[in-house]
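Engineer: coordinates only, no sequence provided:
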């Protein structure tokens, strides 16, 4: 029997460490998630497994989450990060004792604000994304209905009722932006796609020109537009480089003629586009950017 | 000339103090606003004038805001509250020196996280709502397009491609919830309105039943449904108490028959409904609430 040969230990390169992150709240967890995302975005060279944990509103649920944190710790070889907005101290206390790096996002600010405002906090959870003001909630829902009913230029006669009308070539980002503006800011947002018909007529429709104080143009780089259209209708004339370039140029000429401010959406998210439009809607001269 | 009569000073009851609040950021300001709203919701007996100030990304803009804070202080008789997520210390420093109660929401957590993660923060602003991961951003946009194209049961054959299908009577909140789920969580959300046609047939359509593992019912209290429908079509049979009650009961009978979990949307916001659906989609047994 040959003697056992001692093989050199295989050098496993460890995979880049993935750290588990929990966004935890007693209610929707939207604040914990938004704030947690923002904070993590400051460390974008690292890899995070992000887990959304809303409605941790009983001690049993908190304990179950602690169990999951233990497992994550075992799996990742490092304690998970918890971003929490807990108002119930009992439930929060259970999580704090779990194997995790616990960041309570509310506590300190609630205390500071309470002192400044001279009023104790209500400590009721789930107030920030609940219907606390029915009138403004109804306004948002109506705005969403308006955006749905006035997508894609179906009713130009409704532009007079809109707070904002977005105009741009097909696939420049009008629809998602209108939906975002309505959902988050309660703006009645309509949109109009500039198409062949307008190019042939040589101008935008009268209803749009009449509303121009509330009209914003969306533009996009031709290469990016081509890529998006190619994805949608591969090999079509609609997706050709020439057609994309022509559409964009003609639309921009029309924006200029009517003094419609235009925003380049190429590398911007709907959140960024919406914030700039909101800012422009409120500013006296309507400039975007 | 009669001697001047000293009139008793008129007792003006001061109006309930309205305090100005600014949500300030170098970029979209979404995090500052979300977090600020949440914190203010703990003090819901007070009245706040909330002002959204995104893109305070130059010293000139910071100084202009300080000017506005001075004016608010003068007008309100009390210093405004500022919720800020500033990464540039120069610009943040200008605001801090303004007449305000300044709460910097990021700083402390960024430092704590940096120590825990062993990496310095990038200090780049505007990363959290920018397109940092094109693949997940594209997924969100595609989900929005899917929700738009599959609203109101127009294409039951597409239910097989949906992550979630919401079903409920007309005006139970399906459309805004689908849009929210798609926009914020990248879920392909379709919806199907239960109508007269289904009641006559005595069941839900086959495409819906086949997808039932991903189907969620929305229900609503009859009185609330009646109020919403009355607003939409005053005096109609559609808005009558009897019709609302009948629609809801018949829909619930169908949900029960197929074991479709149902969520009562009567006093819940689209954020709350969406969070619960998201939680159920991820949970092994699909329970909502």
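Structural biologist: Here it is on my side, so go on. All of these numbers come straight from a predicted model, not from anything done at the bench.
Engineer: for the stretch 1-150 of chain A, what spans make up the strands?
Structural biologist: With strands called from DSSP state E, counting those that start in this stretch, the stretch 1-150 of chain A shows them at A:18-25, A:47-53, A:81-85, A:101-104.
Engineer: export the ones you listed to a markdown table and tack on mean neighbour count and distance to residue B:175?
Structural biologist: For glycine as for every other residue, the C-beta is placed from the backbone atoms N, C-alpha and C. As requested, the strands of the stretch 1-150 of chain A are arranged in a markdown table below (neighbours: other CB atoms under 10 Å in any protein chain shown; distance: least, CB to CB, whole Å):
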| stretch | mean neighbour count | distance to residue B:175 |
| --- | --- | --- |
| strand A:18-25 | 24 | 26 |
| strand A:47-53 | 17 | 23 |
| strand A:81-85 | 26 | 29 |
| strand A:101-104 | 18 | 36 |
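Engineer: looking at those strands, which is nearest to chain B?
Structural biologist: strand A:101-104 (4.9 Å; CB to the nearest CB).
Engineer: which residues of chain A fall in helices?
Structural biologist: A:30-40, A:59-76, A:89-96, A:107-117, A:134-149, A:174-185, A:196-201, A:206-210, A:222-232, A:241-258, A:270-282 (DSSP state H).
Engineer: returning to what we had before: nearest to residue B:257, of the strands of the stretch 1-150 of chain A?
Structural biologist: Among the strands of the stretch 1-150 of chain A, strand A:47-53 comes nearest to residue B:257, with 31.7 Å by CB to CB.
Engineer: and the closest one with helix B:270-282, angle?
Structural biologist: Relative orientation of strand A:47-53 versus helix B:270-282 (axes from the mean of the first three to the mean of the last three CA atoms, to 10 degrees): 110 degrees.
Engineer: is any part of strand A:47-53 close to chain B?
Structural biologist: Yes: if you take CB under 8 Å from any CB of the partner chain as the test, strand A:47-53 does meet chain B, through residue A:52.
Engineer: helices and strands around that strand, which ones?
Structural biologist: With contacts taken as 3 or more CB pairs under 8 Å, 6 or more residues apart in numbering or on different chains; DSSP states H and E, strand A:47-53 sits against strand A:18-25, helix A:30-40, helix A:59-76.
Engineer: and the second one, what's buried?
Structural biologist: Residues A:30-40 are the ones in helix A:30-40 that count as buried (16 or more other CB atoms under 10 Å in any protein chain shown).
Engineer: tell me what that helix is packed against?
Structural biologist: Counting contacts by 3+ CB pairs under 8 Å, 6+ apart, helix A:30-40 packs against strand A:18-25, strand A:47-53, strand A:81-85, helix B:30-40, helix B:107-117.
Engineer: got a pLDDT number for residue A:39?
Structural biologist: pLDDT recorded at residue A:39 is 96.
Engineer: my read: it touches residue B:107, true?
Structural biologist: No: assessed by CB atoms under 8 Å, residue A:39 is found out of contact with residue B:107, at 10.5 Å.
Engineer: can I get the strands of the stretch 1-150 of chain A in a markdown table with distance to residue A:150?
Structural biologist: Formatted as a markdown table, the strands of the stretch 1-150 of chain A follow (distance: least, CB to CB, whole Å):
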| stretch | distance to residue A:150 |
| --- | --- |
| strand A:18-25 | 34 |
| strand A:47-53 | 32 |
| strand A:81-85 | 36 |
| strand A:101-104 | 42 |
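Engineer: save the ones you listed as CSV, and put in mean pLDDT and distance to residue A:176 too.
Structural biologist: Shown next, in CSV, are these (pLDDT from 0 to 100; distance: least, CB to CB, whole Å):
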stretch, mean pLDDT, distance to residue A:176
strand A:18-25, 96, 23
strand A:47-53, 94, 21
strand A:81-85, 97, 27
strand A:101-104, 98, 31
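Engineer: the ones you listed: which one's closest to residue B:17?
Structural biologist: Closest of these to residue B:17 is strand A:81-85, at 27.2 Å (criterion: CB to CB).
Engineer: what does the closest one rub up against?
Structural biologist: A:19-26, A:29, A:31-33, A:35-36, A:39, A:48, A:69, A:92, A:95, A:98, A:100-106, B:38, B:113, B:116 (CB atoms under 8 Å, 6 or more residues apart in numbering or on different chains).
Engineer: let's go with 7 Å and repeat that
Structural biologist: A:19, A:21-25, A:31-32, A:35-36, A:92, A:95, A:100-106, B:38 (CB atoms under 7 Å, 6 or more residues apart in numbering or on different chains).
Engineer: around chain B, which positions in the stretch 101-250 of chain A sit nearby?
Structural biologist: Counting by CB under 7 Å from any CB of the partner chain, the stretch 101-250 of chain A comes close to chain B at A:101, A:103, A:106, A:109-110, A:112-113, A:116-117, A:119, A:121-122, A:127-132, A:137, A:141, A:144, A:148, A:175-176, A:179-180, A:183.
Engineer: could you chop chain A up by domain?
Structural biologist: Using automatic domain parsing, the domain parsing of chain A gives A:18-117, A:134-282.
Engineer: report the contact partners of residue A:269.
Structural biologist: Contact analysis of residue A:269 by CB under 7 Å, 6+ apart lists B:129-131, B:137.
Engineer: could you rerun that using 6 Å?
Structural biologist: Residue A:269 sits next to B:129-131 when contact means CB atoms under 6 Å, 6 or more residues apart in numbering or on different chains.
Engineer: for residue A:216, same thing?
Structural biologist: For residue A:216, the contact set (CB under 6 Å, 6+ apart) comprises A:166, A:277.
Engineer: which of the helices and strands packed on helix A:30-40 sits closest to residue B:80?
Structural biologist: Among the helices and strands packed on helix A:30-40, helix B:30-40 comes nearest to residue B:80, with 11.9 Å by CB to CB.
Engineer: buried set for stretch A:120-128?
Structural biologist: Here stretch A:120-128 shows A:121, A:125-128 as buried, counting by 16+ other CB under 10 Å.
Engineer: ok, now stretch A:222-241?
Structural biologist: Applying 16+ other CB under 10 Å to stretch A:222-241 flags A:222, A:224-226, A:228-230, A:238-239 as buried.
Engineer: need the pLDDT of the closest residue to residue A:121 other than its chain neighbours.
Structural biologist: Excluding its sequence neighbours, the residue lying closest to residue A:121 (CB to CB, 6 or more residues apart in numbering or on different chains) is residue B:42, at 3.8 Å. Listed pLDDT for residue B:42 reads 95.
Engineer: can you check residue A:135 too?
Structural biologist: In this model, residue A:135 is scored at 88, pLDDT.
Engineer: most widely separated two among the buried residues of stretch A:120-128?
Structural biologist: It's A:121 and A:126 that sit farthest apart of the buried residues of stretch A:120-128, by CB to CB, at 13.7 Å.
Engineer: what number of residues lie near residue A:253?
Structural biologist: Neighbours of residue A:253 under the rule other CB atoms under 10 Å in any protein chain shown: 12.
Engineer: pLDDT wise, what is it at?
Structural biologist: Listed pLDDT for residue A:253 reads 96.
Engineer: what about it, distance to residue B:154?
Structural biologist: Computed as CB to CB, to the nearest Å, the residue A:253 to residue B:154 distance reads 36 Å.
Engineer: over to residue A:38?
Structural biologist: For residue A:38, the distance to residue B:154 equals 37 Å [CB to CB].
Engineer: cool, and residue A:185?
Structural biologist: Distance of residue A:185 to residue B:154, given as CB to CB: 28 Å.
Engineer: so for these two, which residue has more residues nearby?
Structural biologist: residue A:185 (19 against 11).
Engineer: and the more buried one, what is it in contact with?
Structural biologist: Residues near residue A:185 by CB under 6 Å, 6+ apart: residue A:278.
Engineer: just to revisit the earlier point, I'd like the helices and strands packed on strand A:47-53 as CSV, with distance to residue B:214 appended.
Structural biologist: Output for the helices and strands packed on strand A:47-53, formatted as CSV (distance: least, CB to CB, whole Å):
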stretch, distance to residue B:214
strand A:18-25, 23
helix A:30-40, 23
helix A:59-76, 24
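Engineer: and residue A:262, which of those is closest to it?
Structural biologist: helix A:30-40 (28.7 Å).
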